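Got a sequence here, can you model it:
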Amino acid sequence: MARVSTKENKNIYQTTREGLQLSREAASELLECIAPERIEKIENERSLPHPDEVLVMAEKYKQPSLCNHYCANQCPIGQQYVPEVKIKDLSQIVLEMLASLNAMNRQKERLIEITVDGRVTGDELRDFVYIQEELERISIAVETLQLWSEQMLATGAIDEEQYHALKGE
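Numbering: from 1, shown residues only. Below you'll find the predicted structure:
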């Protein structure tokens, strides 16, 4: 069993590894391409992980959320365009999505009114921003559902072969 660090404010990479009860050496063996010294630098934030390292950690640790964390918090492009998604229960994801879809259903006629002339004027701007925010909530709910699916596939809770066959992959 790995020694557990007493350091406060551990980053996601360290808490994930420790949650699997892996020493840095054992993690390095599992990851195959990341040396224990490199893992230590990433965990102590002396170096940012490279995207390919995050992909390997996400796969081998069975934690696809590491990719979203990296993109939303450490990638300069992702910080601008990728929202951080938190894993939630399926029921919570579905309820949030349905609430947003219902809100958008009530706003769809207003969106048509606003956009029919191809411009958003000052008196339409407040409603347009509200609709945009609601669409963003739907987008995040979809991303959360996708991340939940990836987590279930990674842990074997969803049959990967059947899932991909149904998706036509």
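
low pLDDT regions in the protein?
Applying pLDDT under 70 to the chain picks out residues 1-6.

can you pull the contacts of residue 88?
For residue 88, the contact set (CB atoms under 8 Å, 6 or more residues apart in numbering) comprises 96, 144, 148. Every C-beta, even on glycine, is put in place using the N, C-alpha and C of the backbone.

how does it look with 10 Å?
94-96, 141, 144-145, 147-148 (CB atoms under 10 Å, 6 or more residues apart in numbering).

What is the nearest of those residues to residue 118?
residue 141 (28.6 Å; CB to CB).

ok, the closest residue to that closest one other than its chain neighbours to residue 151 distance?
Spatial nearest neighbour of residue 141, excluding adjacent residues (CB to CB, 6 or more residues apart in numbering): residue 97 at 3.8 Å. Using CB to CB, to the nearest Å, residue 97 is found at 17 Å from residue 151.

Residue 41: helix or strand, and which one exactly?
helix 36-43 (DSSP states H and E).

same for that helix, what does it pack against?
helix 12-19, helix 24-31, helix 51-60 (3 or more CB pairs under 10 Å, 6 or more residues apart in numbering; DSSP states H and E).

at 6 Å what do you get?
Applying 3 or more CB pairs under 6 Å, 6 or more residues apart in numbering; DSSP states H and E, one finds that helix 36-43 contacts helix 12-19, helix 24-31.

Which parts of the last one count as buried, going by neighbours?
Put plainly, it is helix 24-31. 24, 27-28, 31 (16 or more other CB atoms under 10 Å).

Also stretch 120-130?
124, 128.

State the number of residues packed around residue 66.
Counted by other CB atoms under 10 Å, the residues lying close to residue 66 total 21.

tell me, what residue is most central in this protein?
Taking CA atoms, centre = their mean, the centroid of the chain lies closest to residue 68, which sits 3.4 Å from it.

Where does that residue fall, secondary structure wise?
helix 65-73.

quick one: buried residues of that helix?
Across helix 65-73, burial judged by 16+ other CB under 10 Å covers 65-72.
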